[in-house]
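**Q** Provided below for reference: sequence and predicted model.
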Amino acid sequence: MPRSYPRFKAAACHAASVFLDAAKTADKACDLIDEASRNGAKLVVFPESFIPGFPIWAALQAPIRSHDFFQALAREALLLDGPEIEKLRMAARRHGVVVSVGITEGTDQSVGCLWNSNILIGMDGTIINHHRKLVPTFYEKLVWANGDGRGLRVVATEIGRLGMLICGENTNPLARFALMAQGEQVHLSSYPPIWPTRPATDDGGYDLRRAIEIRAGSHAFEAKVFNVVASGCLDLSIRDELARLDKPALDTIENSPPAVSMILGPTGEVISDVLADHEGIVYGEIDIARSVEQKQFHDVVGYYNRFDIFRLEVDQTPRNPAAFLAQDPIGTLAEIPSASDRTKTPHANGGSHRLRGAIDPAAE
């Protein structure tokens, strides 16, 4: 049977969170899913930590002054079986679209342990992948815990094989190669609205837009994939919520380069509009067949590599704090699943694969 190459429209939402309000931000996401679907999109991608908003304050003031912000973020953190995720799942199912959304994730096992996570929802409303950022970047370590490899996987969908990484993970060549080696066809990249690294009075701060352009183009070109980049946006309401910060911090916000949202093709070219300074949705036409010719030139998971020299092992096992054993009614030992385990789909279950150039690790 000949191989099929899906064609569809993708949407990247360059959007502002309803800052530190998970319910309202989820409602806004559902409205954007509706708008993108009406415009023909079959894939809708949201920014990093879109629900309930990116913790910008961690860059702007000492942690001993940020307890109230952290408590608010922990209070609004999402559970996989919570009402906000349920709304998004129903929206995806109602419109028949695949949805990728960045969240701050909480857990029943702790009131203060948080992860920077990304959820991928299929057209039928099921969670088909759940990725926790492997390593929080720089000051993000004050907010989020390390993730694990459970979501470092590519998922086969009606619109192609989808993989996703969060912000700085797109700088990690091993994480990116792990997705390439699973036959990734469409890559989903999520970013915050700004990412300050120096006070407004200093020169040489981090140019987030340029960093995104470099990383997005690099992965699209190296993997010969389409890359859907969705970044956050700052609006007046977020600035108002951050008004309690001191003036130098507010000046830094105003002088930090904004992120950018766009869609790139398998040669690294931009195939959509580009948004940076205001909210909106960018659209791009994706035709997986366009990757075939590019793979003739450089296929780094095929004949453009040396697997007798290089080897990568990826552990996709979920890392939970403990495994509890108890007596079941007939007297045998059984493991009690955690709350997070009970909500997992087969795609989110653990497993260890040795990626040695195989396109599908499960086939090894």
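**A** That came through fine. Numbers count the residues shown, from 1 in each chain.
**Q** top strand in the chain by residue count?
**A** Secondary structure of the chain read by DSSP state E shows that its longest strand is strand 110-121.
**Q** packing partners of that strand?
**A** Applying 3 or more CB pairs under 8 Å, 6 or more residues apart in numbering; DSSP states H and E, one finds that strand 110-121 makes contact with helix 67-76, helix 83-95, strand 98-107, strand 127-132, strand 160-166, strand 186-191. Quick note: C-beta positions are derived from backbone N, CA and C, even for glycine.
**Q** compute the inter-axis angle for the second one and strand 110-121.
**A** In this case it means helix 83-95. If you take axes from the mean of the first three to the mean of the last three CA atoms, to 10 degrees, helix 83-95 sits at 10 degrees to strand 110-121.
**Q** what lies in contact with helix 83-95?
**A** Residues outside helix 83-95 that contact it (CB atoms under 8 Å, 6 or more residues apart in numbering): 22-23, 25-27, 29-30, 33-34, 37, 51, 78-79, 98-99, 101, 103, 119, 121-127.
**Q** now restrict these to buried residues only.
**A** With neighbours counted using 16 or more other CB atoms under 10 Å, the contacts of helix 83-95 contain these buried positions: 22, 25-26, 29-30, 33, 37, 51, 78-79, 98-99, 101, 103, 119, 121-123, 125, 127.
**Q** ok now do the closest residue to L234 other than its chain neighbours, which residues does it touch?
**A** Nearest residue to L234, sequence neighbours excluded (CB to CB, 6 or more residues apart in numbering): P193, at 4.7 Å. Residues in contact with P193, defined by CB under 8 Å, 6+ apart, are 16, 47, 54, 56, 231-234, 238, 258-259.
**Q** hang on, P193 in a helix?
**A** No - under DSSP: H, G, I helix; E, B strand; the rest coil, P193 falls outside any helix and is assigned coil.
**Q** sorry, back to before: save the helices and strands packed on strand 110-121 as CSV, and put in distance to A323 too.
**A** CSV is the format used below for these (distance: least, CB to CB, whole Å):
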stretch, distance to A323
helix 67-76, 25
helix 83-95, 25
strand 98-107, 15
strand 127-132, 19
strand 160-166, 27
strand 186-191, 31
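**Q** make JSON lines out of the ones you listed and add distance to P173 and mean pLDDT.
**A** Shown next, in JSON lines, are these (distance: least, CB to CB, whole Å; pLDDT from 0 to 100):
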{"stretch": "helix 67-76", "distance to P173": "31", "mean pLDDT": "98"}
{"stretch": "helix 83-95", "distance to P173": "31", "mean pLDDT": "98"}
{"stretch": "strand 98-107", "distance to P173": "22", "mean pLDDT": "98"}
{"stretch": "strand 127-132", "distance to P173": "17", "mean pLDDT": "98"}
{"stretch": "strand 160-166", "distance to P173": "11", "mean pLDDT": "98"}
{"stretch": "strand 186-191", "distance to P173": "14", "mean pLDDT": "98"}
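**Q** deepest of the ones you listed, which one?
**A** Greatest average neighbour count among these goes to strand 186-191 (a mean of 28), per mean count of other CB atoms under 10 Å.
**Q** chain center to that one: distance?
**A** Its chain's C-alpha centre lies 6 Å from the corresponding centre of strand 186-191 when counted by CA atoms, centre = their mean, to the nearest Å.
**Q** each with direction, which strands does that strand pair with?
**A** Neighbouring strands of strand 186-191 in its sheet, by DSSP bridges, are strand 160-166 (parallel), strand 226-231 (parallel).
**Q** just send the ones you listed back as CSV, with distance to F177 too.
**A** Shown next, in CSV, are these (distance: least, CB to CB, whole Å):
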stretch, distance to F177
strand 160-166, 11
strand 226-231, 15
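**Q** and of those, who's closest to V135?
**A** Taking CB to CB, strand 160-166 is the member of those nearest to V135, at 10.1 Å.
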